[in-house]
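1. missing the sequence, but the structure's below:
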């Protein structure tokens with residue numbers, strides 16, 4: 001929860017930086033955090049939905065369904081085949097025996113809280129020297145969105161339409177603002193001037 005009259009936001013991390021972080025966390029035996037950041041960035045889900053994921057959802061098929069907690073809307077997620085290999089590696093490294101188990105359990109065997117994950121992300125930012133100002137649970141969702149727009153290249157407007165629907169935004173302008181694209185476009189106006 002943010003303080004009244006404060007402007008708290010989260011920033012995306014560049015895709016290659018995110019991939020590197022996921023690999024480093026795995027190397028350092030932080031399998032669940034590696035998986036969490038990967039899932040958040042590959043699926044574009046809110047943290048409340050990420051925390052509902054089970055191993056069965058991630059391993060039994062190349063896609064899964066869920067009802068979003070915030071919107072109550074049904075959403076189908078397709079799992080990238082390369083990322084699913086990482087999911088299997090985490091599953092194996094954690095010696096999971098119950099595929100119905102939630103993926104993001106603490107050492108106390110309870111599902112992490114959003115607040116606890118934000119604390120862990122701040123620690124990760126510091127430990128791995130991440131060059132991102134506001135790194136929080138929402139950063140992963142924004143990372144997903146930014147990658148989709150960047151990968152679309154000349155078709156970025158079409159990508160924004162798809163993201164707007166995936167994110168359940170009322171219009172494309174909301175998606176632009178959400179991803180910070182609108183601010184960047186406006187600030188580019190100043191670069192058009194010469195001295």
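-> Arrived safely. Just so you know, these numbers come straight off a predicted model, no measurement behind them. Numbers count the residues shown, from 1 in each chain.
2. quick one: the helices in the protein?
-> 15-27, 31-43, 47-50, 55-59, 81-93, 114-127, 137-152, 156-166, 172-178, 181-191 (DSSP state H).
3. Switch these over to a markdown table; also include mean neighbour count.
-> All C-beta atoms are positioned from the backbone trio N, CA, C, and that covers glycine. Converted to a markdown table, the helices of the chain look like this (neighbours: other CB atoms under 10 Å):
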| stretch | mean neighbour count |
| --- | --- |
| helix 15-27 | 16 |
| helix 31-43 | 24 |
| helix 47-50 | 19 |
| helix 55-59 | 18 |
| helix 81-93 | 15 |
| helix 114-127 | 15 |
| helix 137-152 | 20 |
| helix 156-166 | 16 |
| helix 172-178 | 16 |
| helix 181-191 | 10 |
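4. rank these by mean pLDDT and give me the bottom one.
-> Lowest mean pLDDT within the helices of the chain: helix 181-191, at a mean of 68.
5. coming back round to it: a markdown table for the helices of the chain, including distance to residue 73?
-> Output for these, formatted as a markdown table (distance: least, CB to CB, whole Å):
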| stretch | distance to residue 73 |
| --- | --- |
| helix 15-27 | 26 |
| helix 31-43 | 15 |
| helix 47-50 | 11 |
| helix 55-59 | 17 |
| helix 81-93 | 23 |
| helix 114-127 | 20 |
| helix 137-152 | 15 |
| helix 156-166 | 10 |
| helix 172-178 | 16 |
| helix 181-191 | 24 |
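6. if we compare the ones you listed, which one ends up closest to residue 65?
-> helix 55-59 (8.5 Å; CB to CB).
7. by contact count, what packs against the closest one?
-> strand 63-67, helix 81-93 (3 or more CB pairs under 8 Å, 6 or more residues apart in numbering; DSSP states H and E).
8. go with 6 Å
-> When contacts are defined as 3 or more CB pairs under 6 Å, 6 or more residues apart in numbering; DSSP states H and E, helix 55-59 packs onto no helix or strand at all.
9. out of the helices of the chain, nearest to residue 67?
-> Here helix 47-50 is closest among these (CB to CB), at 8.7 Å.
10. what comes into contact with the closest one?
-> 39, 40, 66, 68, 69, 114, 137 (CB atoms under 6 Å, 6 or more residues apart in numbering).
11. Work out the gap between that helix and the centre of the chain.
-> Taking CA atoms, centre = their mean, to the nearest Å, one finds helix 47-50 lying 9 Å from the centre of the chain it belongs to.
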